[in-house]
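Asker: Sequence plus the predicted model coming up.
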Amino acid sequence: MRDGTPTTIYRKEYSAPVFSITDADLTFAIYDGFTLVSSILHLQRQREDEAPWVLDGEDLEIEQIEIDGTPLQQHEYSYDGRQLTLPQIGESCQLLTRVRIYPEANTALEGLYRSRTIYCTQCEAEGFRKITFFLDRPDVLAIFKVTVEADKASCPILLSNGNAVAQEDLTEGRHRSVWHDPWPKPCYLFALVAGDLESVSESFTTASGREVALNVFVEAKDVNYCDHAMDSLKRSMKWDEQVYGLEYDLDLFNIVAVDDFNMGAMENKGLNIFNTSCVLASPDITTDAGYLRIESIVAHEYFHNFSGNRVTCRDWFQLSLKEGFTVFRDSQFSADMNSAGVKRVEDVSFLRTHQFAEDAGPMAHPVRPDSFIEISNFYTLTVYEKGAEVVRMLHTLLGHDLFIAGAKYYFAKHDGQAVTCDDFVSAMEQVSEKDLTQFRRWYEQSGTPNLIIDDQYDPTARRVTLTVTQNNGQNSDGASKPPLHLPVAIGLVVKGHSHTFEEGGSTRLLEVTEAKQVFEIDNVEDKPVVSLLRGFSAPVRLQSADDDDTLAALIGSDSDDFVKWDAMQRYASRVIEAQARGEPLSDAFISAYRQAMSSDIDDAMKAQLLTLPSEEYLADRQAQHGLVDVFEIRGAREDIKKILATEFEAQWTSWFSRYENPETYQANGRQIGQRALRHLALSYLSQARPEALDWAETLLGNADNLSDRLATLRVLVNGGDESTRSAVLGNFYQQWQHEALIVNQWFTLQATRPSADTVESVIALQNHGAFDWRNPNKIRALVGGFASANPIAFHRQDGAGYAFLGDVIARVQSANPQIAARLCTPLTRFRRYAHGVDAMQSQLERIAGLDNLSRDVFEVVGKALDK
Ligand code: B3K
Ligand code: ZN
């Protein structure tokens, strides 16, 4: 271990800070190779006890420490590389420190570091302590004044949070900018940027008529790619005013894009820093999905200005307070901007394949975790996506108007505070007067609930009886986890038509609170098909009497996009599972699929409906009752795909050719839907018609956008012979090698080619000139793509895929622990597989034995091996 035996931090051990830091006056003097950070903090004791004055600070080189103007001698303080202990002070003091740090040598991309030529910061969760001494915890809020000094030629742009208050030239070609943020904030929201950047600038007039200057800063080469992010920002600002009544609170909002970034983006107050992959957009460098993703991430970070910044977290266990709520808010926004049905289906599909697997694996934890070793490991799908589902359930239980009233009350009541998930639920409770005591269990219990719903119809009484049973797994002591309060939205399809309930409307909300509960619905004129969990109203695994006829009826006539799609997913999964058992494909499925093809829904939804369940989703189903066999899953899925390709060849061909002369590219809903259906058709045709490869090549040649290019390339790479493959990949690289974001896609395309020999390709690509171990996007594109999205290559029977991943983790883990810990995920789930268990386990053991093991990797690997 690098850091000695790592300590586990427990939620129950929270205690308030010993002192407050009300003001922070920081000066950064940036030089080539090092930076001097001077800090003047006003400390004020908050607790009565004699607790010592201790500040966080990681690996800082101390140059000066003064208290109230008097320099401290070395023997007057102690510093162990992690914590600075000061001598006892009275009630308050002014603490001055000056430290030297090395941004150029910072490969962990946490704290102050350099991405290409740009100095930038990433402080959440605990990166500020790598910059200067502070109480690096979210419940210490200070007003920051920041001065940045650097060489003017190489760093003409100097930015920090809040408003720019002064700018001046200094001697020796240097200059300085002074920034002041009037809003008290925790240090994880601190940001600094210095570099040679250009900007696209616009302005936004708030509802009350204030002008806000908006800038998107990028390297000069990318300045033409900022419009979409800027438009997304303006739409987000307007939406938050209209829906939540929240108006932006500074005169300036800056976004900066950098290439080397551990995640997507960061909501620093007034100065959001983004991964270039989540900002830059043009038809040549961005896919349709990319356009939507950028819009939602820009919105997400903007929305944090209130859900996260103005009201922040008391401690990191409350992370979902800001993340779950903000993901929910960005999903509401995307649903309003685009197709709500498609957005919901995409979100559910993602949650069910990835979050459910996390919640069933060694890293399973409640939405509000009880303990951690390294908080960076808890920026998880559970905290974000399941957390958002929990907020969505509150929205469903309260209804839109009460939920918004509850949110407004929460923002007003806790403005400027650091609070807990419980405070959020209490605000909703107070406004709605609904008892949410049991609902709070969603924050406490890990695991995905199983919901079993049985429906009966009594024709004499004209009554539908639904018996709902919930099973939430067991606690570590073997006792059953108690029942949850969950909203189940249902509808009835009677004789092919939506039933109207007595109280009006075609959807009824059942509030399930008991382990077993019976609901009766009267005055139903005929035996209905029951449409369950409309809109995926609760994040559960649903089991119901889904015989073929019921599923076909739901696919054909249900009005709810999610239920329709889910019925097809379930039906197709059963068909694929039957294929694996050697059973023939039924005509009934073919006709349900045919009906789906001709249903009256838009192209985007149709493409979703006709896409077979993913291999990951099928693996999750298989894991419910046995071990996962990735080869069997792929084989059976491909067989079914071929049958559907041939059976419906005429329809696929017509969809493929329908947009032969497409309009100029636009990332609007209609065109995105058209392309999705066209690409799906091409992927089916490639299974049925050899000419499909020629069609793909023609479309590739004529395409005016990245979505078409990648969809056709995928068909050629996955379906063509080796010479076709190397020719198209070579040409594509030649054409686009100057665009880093496209080169990432090019790596992923190769890493996800479903073939055993992809292992060798990926190993070779590590040495490609465009690959860069310092750049997380490149690592994710090549290694992440291979290990998490290419099951048959990763799980190759000789273990070469696992060994490759083990090598990468060993190489990266000390330089960038956060990225390395995430790369471990596919290995940590080794217990669910039918093959390769020992080989995966031995890679984990090898990693656990590495010298200098980081806390991040130690925790993830330790949990996987322990369980
Ligand atoms: N709050 C950041 C995530 C920080 C991750 C730190 N390891 C981005 C977001 O969720 O908006
Ligand atoms: Zn967030």
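Answerer: Good, I have the coordinates. Ligands and ions are numbered 1, 2, ... in the order given.
Asker: shouldn't S201 be in contact with F217?
Answerer: No: proximity of S201 to F217 does not meet the contact threshold set by C-beta atoms under 8 Å, at 9.4 Å. Glycine gets a C-beta too; all of them are placed from N, C-alpha and C.
Asker: more crowded one of these two?
Answerer: F217 (26 against 12; other C-beta atoms under 10 Å).
Asker: tell me which parts of the protein are close to ligand 2?
Answerer: Residues of the chain lying close to ligand 2 by C-beta under 5 Å from the ion are E323, T326.
Asker: try 8 Å this time
Answerer: Residues of the chain lying close to ligand 2 (C-beta under 8 Å from the ion) are E267, H300, E301, H304, G308, K322, E323, T326, V327, Y384.
Asker: Sitting in helices, which of those do you find?
Answerer: H300, E301, K322, E323, T326, V327 (DSSP state H).
Asker: tell me the contacts of the residue nearest to the fourth one when sequence neighbours are not counted?
Answerer: Setting aside the residues directly before and after it, E323 is nearest to Y384 in space (C-beta to C-beta, 6 or more residues apart in numbering), at 5.0 Å. Shown in contact with Y384 (C-beta atoms under 8 Å, 6 or more residues apart in numbering): S320, E323, G324, V327.
Asker: got the residues you listed as a markdown table, with pLDDT and neighbour count columns?
Answerer: Below are these laid out as a markdown table (pLDDT from 0 to 100; neighbours: other C-beta atoms under 10 Å):
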| residue | pLDDT | neighbour count |
| --- | --- | --- |
| S320 | 99 | 30 |
| E323 | 99 | 24 |
| G324 | 99 | 28 |
| V327 | 99 | 25 |
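Asker: Next, format those residues as CSV and append distance to ligand 1.
Answerer: Converted to CSV, the contacts of Y384 look like this (distance: C-beta to the nearest ligand atom, whole Å):
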residue, distance to ligand 1
S320, 11
E323, 5
G324, 10
V327, 8
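Asker: Would you format the residues of the chain next to ligand 2 as a markdown table with distance to E433 included?
Answerer: Converted to a markdown table, the residues of the chain next to ligand 2 look like this (distance: C-beta to C-beta, whole Å):
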| residue | distance to E433 |
| --- | --- |
| E267 | 33 |
| H300 | 31 |
| E301 | 34 |
| H304 | 29 |
| G308 | 27 |
| K322 | 26 |
| E323 | 27 |
| T326 | 26 |
| V327 | 27 |
| Y384 | 30 |
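Asker: so what's the closest residue to ligand 2 within the stretch 1-150 of the chain up against?
Answerer: Closest to ligand 2 within the stretch 1-150 of the chain is E124: 9.0 Å, counting by C-beta to the ion. Going by C-beta under 8 Å, 6+ apart, E124 touches Y188, L189, M266.
Asker: go again using 10 Å as the cut-off
Answerer: E124 sits next to 110, 138, 186-191, 263, 266-268, 308, 316, 319, 375-376, 379 when contact means C-beta atoms under 10 Å, 6 or more residues apart in numbering.
Asker: what pLDDT does it get?
Answerer: Looking at E124, its pLDDT stands at 99.
Asker: R714 too?
Answerer: R714 is given a pLDDT of 98.
Asker: Is it in contact with L680, as I believe?
Answerer: No: counting by C-beta atoms under 10 Å, R714 stays clear of L680, with 11.8 Å between them.
Asker: low pLDDT regions in the stretch 751-867 of the chain?
Answerer: Applying pLDDT under 70 to the stretch 751-867 of the chain picks out residues 867.
Asker: So the residue in the stretch 601-750 of the chain that ligand 2 sits nearest to: helix, strand or coil?
Answerer: Using C-beta to the ion, L741 is the residue of the stretch 601-750 of the chain that sits closest to ligand 2, at 21.7 Å. Under DSSP: H, G, I helix; E, B strand; the rest coil, L741 falls in the helix class.
Asker: just checking, it touches D222?
Answerer: Yes: judged on C-beta under 10 Å, L741 makes contact with D222 at a distance of 9.4 Å.
Asker: Give me the phi and psi angles of the residue in the stretch 51-200 of the chain that ligand 1 sits nearest to.
Answerer: Nearest residue of the stretch 51-200 of the chain to ligand 1, counting by C-beta to the nearest ligand atom: E124, 4.1 Å away. Per-residue torsions, E124: phi -70, psi 140 (degrees, to the nearest 10).
Asker: Can you check the pLDDT for the closest residue to Q83 other than its chain neighbours?
Answerer: Distances taken as C-beta to C-beta, 6+ apart put V54 closest to Q83, at 5.3 Å, once the chain neighbours are dropped. In this model, V54 is scored at 98, pLDDT.
Asker: so V54 touches L84, yeah?
Answerer: Yes: with contact defined as C-beta under 10 Å, V54 reaches L84; the gap is 6.9 Å.
Asker: Need the overlap of contacts for those two.
Answerer: Shared contacts of V54 and L84 (C-beta under 10 Å, 6+ apart): S78, F133.
Asker: who has more neighbours, these two?
Answerer: A side-by-side neighbour count of V54 and L84, using other C-beta under 10 Å, places L84 first with 23 against 15.
Asker: Can you list the residue ranges for strands in the stretch 1-150 of the chain?
Answerer: 9-10, 19-31, 34-45, 53-56, 61-67, 70-71, 78-79, 83-86, 92-101, 111-115, 118-122, 142-151 (DSSP state E, counting those that start in this stretch).
Asker: Please apply the same query to the stretch 501-650 of the chain.
Answerer: Under DSSP E, counting those that start in this stretch, the stretch 501-650 of the chain gives strands at 508-512, 516-521, 529-531, 541-544.
Asker: Could you give the number of residues near K152?
Answerer: By other C-beta under 10 Å, the residues close to K152 number 15.
Asker: that older thread, let me know the secondary structure of the nearest residue to the residue of the stretch 601-750 of the chain closest to ligand 2 once chain neighbours are set aside.
Answerer: Setting aside the residues directly before and after it, L741 is nearest to I285 in space (C-beta to C-beta, 6+ apart), at 5.2 Å. Look at I285: counting by three-state DSSP, its state is coil.
Asker: now do the one 5 residues further on
Answerer: Classification of G290 into helix, strand or coil gives helix, according to three-state DSSP.
Asker: which ones are touching it?
Answerer: Taking C-beta under 10 Å, 6+ apart, one finds H228, S277, C278, L280, A281, A667, L706, S707, L710, L741, Q745 in contact with G290.
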